[in-house]
Each structure stands twice: as C-alpha cells, then as structure tokens.
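[1] sequence? don't have it. structure:
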C-alpha cells in the first residue's frame, strides 16, 4: 500500500481540483453536470453561495447513508468539506468570460480537469464521496443494476435542479459523454498500488 501521507496528499489535491474545475464549468455558463445543476438551482432559492450549497447537500446526502448502512471514510468527510470551499475560492477568483471561445475553454478545462480530479481522489482509496456512496448503497440495498439506479438518481437531481433554475446546456451533454473516458484514462496513472500478500496469508476485507 502506498504511504498514508502520499494518499492523503493525493486525496486533498484531487478534492481541491474537483472543486476548482466545478468553478470553471459554472463560469463557462454552458451547462453543468446533474448534481451541479441541482446545486446551482438551490442557490437561486437559498441565501447561500454555490460552495455552501455543495457542502450542505453533501452533508444531507451523507445522512442518507445511515439507513443504507454505508460507512464513510476520511475521504468522504473531506469531500463534503473541501470541494465546496474550493468552488467558492475559484468563483471569487475567476472572471466571467464574455466571449464564446473563452467559455468553451473554461468548459473543456473544467471537464478534463474534473476527470483528473476524480481519478486522483478515487485512486487514493480513502472513501467514496457522499453522492457516489448514495447510489452504491441503493444498488446494494435494492438489488437493482448500477445503470438503473445511477441514471434514475442523476436524472432526478438534473430535472429538479433545472426546475429550480440550474443551468442545463451543451456542457451537460459534454460532461455526460466525456467524464467516464477521462477518469478511465487517468485512473491507472494515480491508482493506489496494493502490496501483494505473501502466500498463505489472507487479505483482510475492506
């Protein structure tokens, strides 16, 4: 197993980058991923910043883990706290682009960077994010397929977010099509390597 300090550093870097790239997509104005459409929609109805909404929703979703008997890790807790802070810092620093070329650049940097960030924190293997833990818990408890549960959940938050005023656009489609391949591209480069156990010793379950 990689040293814990290296895994923690990779986790924090990944979560901060994840929030920063969310900020890029928000500022692009070209559309967000389903959960961020929901987050943005809530900002129109709550006296909270985008990042504060991200933290609030993450905490509420984490509470839903209790009946699902999901166990959070340190990565889960840091996910709730760091991403929202990183989003707000990024939004305070970034200018809002006036030209389409800059908007598209923000979008593409956001999507690709978000994929790298996801690979970093997933690769650290210190606990899933609250939103991912929700669908994995639902899959385990209901026995339904990953495709069905995740699609239904993301469509629900997308539609609710859109109804609340969140931004749906070409960026939403680009994210849906590109994020999986990008994470798959980067994950082997940052995945924690496990030390192989000597023969005759059992591997403890996680």
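    Yes, it's here. Quantities reported herein were computed from a predicted structural model and do not represent experimental measurements.
[2] list the contacts for residue 75?
    Taking Cβ atoms under 8 Å, 6 or more residues apart in numbering as the definition of contact, the neighbours of residue 75 are 11, 15, 121, 124, 126-129. No exception for glycine: its C-beta is placed from N, CA and C like everyone else's.
[3] Just those: which are in helices?
    Taking DSSP state H as the definition of helices, those contribute 11, 15, 121.
[4] which among these gets closest to residue 192?
    When the ones in helices among the contacts of residue 75 are compared for distance to residue 192 (Cβ to Cβ), residue 11 comes out closest, at 10.1 Å.
[5] Number of residues surrounding the closest one?
    Neighbour count for residue 11, taken as other Cβ atoms under 10 Å: 24.
[6] Pull up the per-residue confidence for it.
    Per-residue confidence at residue 11 stands at 96 (pLDDT).
[7] Ok, residue 193 next?
    The per-residue pLDDT reported for residue 193 equals 73.
[8] secondary structure element for it?
    Per DSSP states H and E, residue 193 falls between elements, in no helix or strand.
[9] Could you do residue 141 as well?
    If you go by DSSP H and E, residue 141 is part of helix 130-142.
[10] So for that helix, mean pLDDT?
    Predicted confidence along helix 130-142 averages 89 (mean pLDDT).
[11] Who are the packing partners of that helix?
    Judged by 3 or more Cβ pairs under 8 Å, 6 or more residues apart in numbering; DSSP states H and E, helix 130-142 is in contact with helix 50-63, helix 65-68, helix 74-93, helix 146-163.
[12] cutoff 6 Å now
    Using 3 or more Cβ pairs under 6 Å, 6 or more residues apart in numbering; DSSP states H and E as the contact test, the elements touching helix 130-142 are helix 50-63, helix 65-68, helix 146-163.
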